[in-house]
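Asker: have a look at this prediction, sequence included:
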Amino acid sequence: MPGENPLPVSVIPDDMQIVTLNFRAEGNIATTTVRNLFYADRETVIDHIYVNASDAGTNGKVQIAFDDDIAVVDSGSTFLVGADGAGDAIATGHNALTIDGSGSDTDERNNILTAGKFLNIEFTSTGGTQNIETVVLRIRTKRR
């Protein structure tokens, strides 16, 4: 039997979902480790981000940004969390991260991931073990 023709992105219905990404198998995450969280095949709104850490390490921080390159968070990225390279502090346990364009960022809501961009996360700490269990994204493709 022949296969089904893939649908073009333009005809896929709008979507709203919670995406859970499991990092537990990775264990001790080295500082300045960058991982890809999501690829947008069309414009996607990131409404909320949760990070669950079983151990945040010393001065554990997270930056989440979108970029043209997979697993890159640098000065050329657009930051959703942890603007301007400072990172948002995380603690052991449940961390609901604010998407607010903080720092010197002039855009109050950097939460629109344009088509073709990667959503990446960077973990940093100054010492100790940093174990990230899960990252949960609440996303939607329909704009208000």
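Answerer: Arrived safely, thanks for sending. Residues are numbered from 1 along each chain as shown.

Asker: in the protein, what helix or strand scores lowest on average pLDDT?
Answerer: strand 78-81 (a mean of 84; mean pLDDT, DSSP states H and E).

Asker: was I right about residue 17 contacting residue 142?
Answerer: No. Taking CB atoms under 8 Å as the definition, residue 17 is not a contact partner of residue 142, at 11.7 Å. Just so you know, the C-beta spots here come from the backbone N, C-alpha and C atoms, and that holds for glycine as well.

Asker: need the phi and psi values for the closest residue to residue 112 other than its chain neighbours.
Answerer: Counting by CB to CB, 6 or more residues apart in numbering, residue 112 lies nearest to residue 45, which is 5.7 Å off, once chain neighbours are set aside. Torsion angles at residue 45 (phi, psi; degrees, to the nearest 10) stand at phi -100, psi 130.

Asker: before we move on, back to that, now for the helix or strand just after the least confident helix or strand of the chain, which elements pack on it?
Answerer: The first helix or strand that comes after strand 78-81 along the chain, using DSSP states H and E, is strand 88-89. Other helices and strands packing on strand 88-89, by 3 or more CB pairs under 8 Å, 6 or more residues apart in numbering; DSSP states H and E, are strand 61-67.

Asker: partners of the strand it packs on, with directions?
Answerer: strand 78-81 (antiparallel), strand 88-89 (antiparallel), strand 118-124 (antiparallel) (DSSP bridges).

Asker: contacts for it next, please.
Answerer: Identification of contacts with strand 61-67 by CB atoms under 8 Å, 6 or more residues apart in numbering yields 37, 40, 49, 51, 73-74, 76-82, 85-90, 95, 97, 113-114, 117-125.

Asker: buried subset of the residues you listed?
Answerer: 37, 40, 49, 51, 73, 77-82, 85, 87-88, 90, 95, 97, 113, 117-125 (16 or more other CB atoms under 10 Å).
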